[in-house]
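>>> next comes the sequence, and after it the predicted model I'd like to discuss.
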Amino acid sequence: MAQIAAPQIDLAVAADAEAIALLSRDEIENGLRWAWTPARVRRCIADVCSNVIVARDSGRIVGFALMSYADEHAHLLLFAVAPDRRRRGIATALWNWLETTLRTAGIADAQVELRASNAAARAFYERVGFEQVAATPHYYQGAETALHMVKELAAPAP
């Protein structure tokens, strides 16, 4: 069996916005109005209160994560891996990069919303320590329930 090389994880640059937005449209926003356009992703890449990271394989973006920060809290806004690259450790590599950053920055918790129908995403988030705290019907453009999950990282600063 051939060894699969680990992806290269980097901070995204403006030139990555289109590939990120297309992966979001196809894998996260499928069936919904396209909200995370290239322009919106570029704004997040430039925002000092966000991290946008990409996983590259032979130069191709095969996964990404977009996280925003406010005080001691983080919000994972987008997280996806290309279908042909799943089950190869890319999601784990992306999450490990983010979690190291969160812990280094003293962030108390990270939250994420996901479609209730996305069993694979839910299983992944549970595996890395997130717990479901709520569900909101009709959250996604009035069409689908969202599960709200949180991972506690550190005690909040006094």
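That came through, no problem.

>>> ok, Ala143 touching Arg33?
No: applying CB atoms under 8 Å as the test, Ala143 and Arg33 come out as separate, 9.5 Å apart. The C-beta positions use only the backbone N, C-alpha and C, and glycine is treated the same way.

>>> counting by contacts, list what whatever helix or strand Tyr69 lives in packs against.
Using DSSP states H and E, Tyr69 maps to strand 60-70. Judged by 3 or more CB pairs under 8 Å, 6 or more residues apart in numbering; DSSP states H and E, the packing partners of strand 60-70 are helix 17-27, helix 38-46, strand 50-57, strand 73-81, helix 90-104.

>>> contacts for the shortest one next, please.
The reference is to strand 50-57. Strand 50-57 has contacts (CB atoms under 8 Å, 6 or more residues apart in numbering) with 5, 7-12, 16, 19-20, 41, 44-45, 61-69, 77, 81, 85, 90, 93-94, 97-98, 101.

>>> that strand to strand 73-81, inter-axis angle?
20 degrees (axes from the mean of the first three to the mean of the last three CA atoms, to 10 degrees).

>>> surely Val112 meets Ala134?
No: counting by CB under 8 Å, Val112 stays clear of Ala134, with 11.9 Å between them.

>>> which one of these two is surrounded by more residues?
Legend: neighbour count by other CB atoms under 10 Å for Val112 and Ala134, higher for Val112 (21 against 10).

>>> and that one, what does it touch?
His75, Leu76, Phe79, Tyr125, Phe130, His148, Met149.

>>> likewise Glu29?
Glu29 touches Ala35, Trp36, counting by CB under 8 Å, 6+ apart.

>>> what helix or strand does it sit in?
In this assignment (DSSP H and E), Glu29 forms part of neither any helix nor any strand.

>>> re earlier: return the member of the contacts of Val112 nearest to Ile28.
Taking CB to CB as the measure, Phe79 is the one of the contacts of Val112 closest to Ile28, at 7.9 Å.
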